[in-house]
Structures are given as C-alpha cells and as structure tokens.
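Novice: have a look; sequence and predicted model below, questions after that.
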Amino acid sequence: MTDRLTQSLLYLDGVSVSFDGFRAINDLSFTVEHGEMRAIIGPNGAGKTTMMDIITGKTRPDEGTVLFEGTVDLTRHDESDIARLGIGRKFQKPTVFESHTVEDNLELALKRDHGILSTLFSDTSAEQKARIDAILDTIRLGHRRADLAADLSHGQKQWLEIGMLLAQDPKLLLVDEPVAGMTDAETVETARLLREIAGEKAVVVVEHDMTFIRDLDVKVTVLAEGSVLAEGSLDHVSADERVIESYLGR
Ligand SMILES: Nc1ncnc2c1ncn2[C@@H]1O[C@H](COP(=O)(O)OP(=O)(O)OP(=O)(O)O)[C@@H](O)[C@H]1O
C-alpha cells in the first residue's frame with residue numbers, strides 16, 4: 001500500500017459519502033498511475049459523477065483518503081486550488097466561447113491564470129503561439145483555427161474544450177461522457193485523440209459507449225453502488241457475472 005500511495009498520481013482509499021443517508025460512494029478505493037488512461041463504466045447512479053466531484057473538490061467525502069501525487073490531500077483543497085494543482089475536468093456539455101474563434105478560445109485558456117487585463121491586452125508570445133499550434137494539431141482543428149467556435153460541429157466543440165483544458169497543462173484530465181452526441185467518425189477520432197494525450201497526461205474517461213471503450217483499449221473500472229465492482233481489460237470485466245448482471249446485461 002505504501003508504494004501505491006507514494007507512486008500513484010491519484011489515490012483514493014476507503015472513500016465514502018452519503019446524501020441524506022444514501023451512500024452514493026461506499027468505501028471506494030481507486031488509483032490512477034502517472035500518464036495512465038482509465039475508462040470508468042457503470043450503471044446510472046453508480047457514483048461516477050460523485051467520484052469526479054470528490055476528486056475535483058466539489059464534494060467533500062465523509063470518510064477516506066484522497067491523495068494527488070502521493071502527498072497532496074485533495075480533501076483539504078477547494079475546486080480552484082485543485083485545478084491549479086493540475087487536475088482538469090471536462091463536463092459532458094461543451095462550454096466554449098461561441099462568439100470567439102477557435103484560436104482565441106485556446107489563447108484565452110492559455111492566459112486564464114494571468115488575470116483579465118493581461119488576457120485582454122498582453123501580446124501572445126512566440127512560445128504561447130507554438131503551444132496553440134501544437135494543441136490545434138492534437139485536437140484536429142488546425143484548419144478551423146480562424147472560424148468561430150459557434151460554427152464547429154458538436155464533436156469539434158468537444159475537442160476544442162479538451163484543447164482548452166490542455167492549455168492549462170494538467171497532470172490529470174477527467175473527461176465525462178466525451179462522445180455522447182458525436183457522429184461515429186468523431187467517436188473513433190476521439191478515442192485516437194485521447195490515446196495521444198495519455199502518456200504525457202493521465203486521463204480518466206467516464207463513458208457508456210462500449211464501442212468507444214473498446215477503441216480506447218485501456219484498463220476499465222466498473223463502478224456499481226458507489227464502489228469498484230470489477231477492474232481489468234474490457235474483455236475481463238465483460239465476462240464477470242456481477243458486471244453482466246448489474247450493467248452490461250441490462
Ligand atoms: N448532491 C446530491 N444529493 C443527493 N443525492 C445525490 C447527489 N449527488 C448524487 N446523488 C445520488 O447519488 C447517486 C450517484 O449519483 P452519480 O450522479 O454519481 O451517478 P453516476 O454514476 O454518475 O450516474 P449517471 O451514469 O446517471 O451519470 C445517485 O443515486 C444520485 O441520485
């Protein structure tokens with residue numbers, strides 16, 4: 001346990017939280033390694049969102065340990081602190097600035113920490129321009145850089161928001177149902193995109209789309225009733241009777 005505690009990027013142990021007496025997260029233990037991508041699946045109400053809320057400081061657990069980089073106790077930090085520590089979260093609905101260009105959205109995200117005046121009036125440095133170019137490549141939007149975000153497809157807006165998170169240079173990216181509402185082609189491309197990001201950054205993806213999960217080809221954690229029901233390859237967890245009963249078989 002000590003090794004895991006010090007070496008894992010994210011370490012949850014014995015975490016529980018109740019809402020009005022209902023235990024939404026129940027003795028949950030879960031770790032993510034540096035640069036790892038992990039897929040989280042599970043039935044509605046399994047606690048996936050609540051787990052993300054605990055990691056990002058939105059919800060305080062009643063019990064348990066939540067450590068980032070071995071030593072940082074996330075339960076003692078608020079949401080903005082945790083974002084600054086290097087945990088980025090993408091909610092299901094894209095929240096890009098529609099009336100700005102793709103490039104301006106990334107520029108705003110890059111300068112977000114430097115205050116509003118500096119964001120509006122400072123020139124973009126050569127280094128910042130190079131980072132924007134690199135992010136545009138990663139999110140497949142180089143050819144749309146001068147277009148308004150409003151004119152992007154739903155899938156492209158999701159990629160732009162992932163790019164805006166990348167601009168913050170997080171160590172861990174939490175991504176909630178990224179492919180909901182995407183076309184099949186966008187879904188396939190999103191799996192590729194996230195695989196490219198992983199390695200450099202750890203990525204935790206919550207999804208219900210099993211074709212997408214298969215494309216990700218990473219370790220899967222199945223949550224049910226607030227704790228881990230099974231963990232392993234998709235084939236491994238898909239063959240687990242309890243997983244079939246609680247989730248896949250329905
Ligand atoms: N703030 C809250 N107050 C009361 N109950 C809550 C609160 N947040 C979550 N819950 C309950 O906790 C349980 C877990 O919810 P959660 O949203 O984490 O599940 P989920 O796995 O993300 O589900 P879904 O796949 O539908 O998004 C649900 O029964 C939900 O109703």
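Specialist: Cool, got the structure.

Novice: what does the protein have sitting close to the ligand?
Specialist: Taking C-beta under 6 Å from any ligand atom as the contact definition, the chain meets the ligand at 19, 24, 42, 44-50. All C-beta spots, glycine's among them, are computed from the backbone N, C-alpha and C.

Novice: what's the most distant pair in the residues you listed?
Specialist: Largest separation among those by C-beta to C-beta: Phe19 and Gly42, giving 17.4 Å.

Novice: and those two? Which one has more around it.
Specialist: Using other C-beta atoms under 10 Å as the criterion, Phe19 and Gly42 rank with Gly42 on top: 25 against 10.

Novice: name all residues that make contact with the nearest residue to that one once chain neighbours are set aside.
Specialist: What sits nearest to Gly42 in space, not counting adjacent residues and going by C-beta to C-beta, 6 or more residues apart in numbering, is Leu223, at 3.7 Å. Shown in contact with Leu223 (C-beta atoms under 8 Å, 6 or more residues apart in numbering): 28, 40-42, 46-48, 51, 229.

Novice: what's opposite Leu223 in the beta bridge?
Specialist: With DSSP bridges as the criterion, Leu223 is bridged to Val228.

Novice: where in this protein is the helix or strand with the lowest mean pLDDT?
Specialist: helix 116-121 (a mean of 57; mean pLDDT, DSSP states H and E).

Novice: past it, which element shows up next along the chain?
Specialist: helix 126-138 (DSSP states H and E).

Novice: residues making contact with that next one?
Specialist: 102-103, 106-107, 110-111, 124, 142, 145, 163, 166-167, 193, 196-197.

Novice: can you do 6 Å?
Specialist: With contact meaning C-beta atoms under 6 Å, 6 or more residues apart in numbering, helix 126-138 is reached by 106, 110, 142, 145, 163, 166.

Novice: can you check stretch 26-41 too?
Specialist: Contacts of stretch 26-41 (C-beta under 6 Å, 6+ apart): 4, 8-16, 48, 198-199, 202-206, 213, 216, 218-222, 226-227.

Novice: how far does stretch 48-64 sit from its chain's centre?
Specialist: From the chain centre to the centre of stretch 48-64 is a distance of 14 Å (C-alpha atoms, centre = their mean, to the nearest Å).

Novice: any idea what the spatially most central residue of the chain is bridged to?
Specialist: The residue lying closest to the centre of the chain (C-alpha atoms, centre = their mean) is Leu174, at 1.5 Å. When bridges are called by DSSP bridges, Leu174 pairs up with Arg89, Val204.

Novice: buried residues, stretch 208-221. List them.
Specialist: 209, 212-213, 215-216, 218-221 (16 or more other C-beta atoms under 10 Å).

Novice: among those, which are located in strands?
Specialist: Mapping those onto strands (DSSP state E) picks out 220-221.

Novice: now the buried residues of stretch 208-221 in CSV, with distance to His236 and pLDDT?
Specialist: CSV is the format used below for these (distance: C-beta to C-beta, whole Å; pLDDT from 0 to 100):
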residue, distance to His236, pLDDT
Asp209, 19, 95
Phe212, 18, 97
Ile213, 13, 97
Asp215, 17, 96
Leu216, 15, 97
Val218, 12, 97
Lys219, 9, 97
Val220, 8, 97
Thr221, 11, 97
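
Novice: next, format the buried residues of stretch 208-221 as CSV and append distance to Ile135.
Specialist: Listed next are these as CSV, based on distance: C-beta to C-beta, whole Å:
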residue, distance to Ile135
Asp209, 25
Phe212, 22
Ile213, 25
Asp215, 22
Leu216, 21
Val218, 22
Lys219, 26
Val220, 28
Thr221, 28
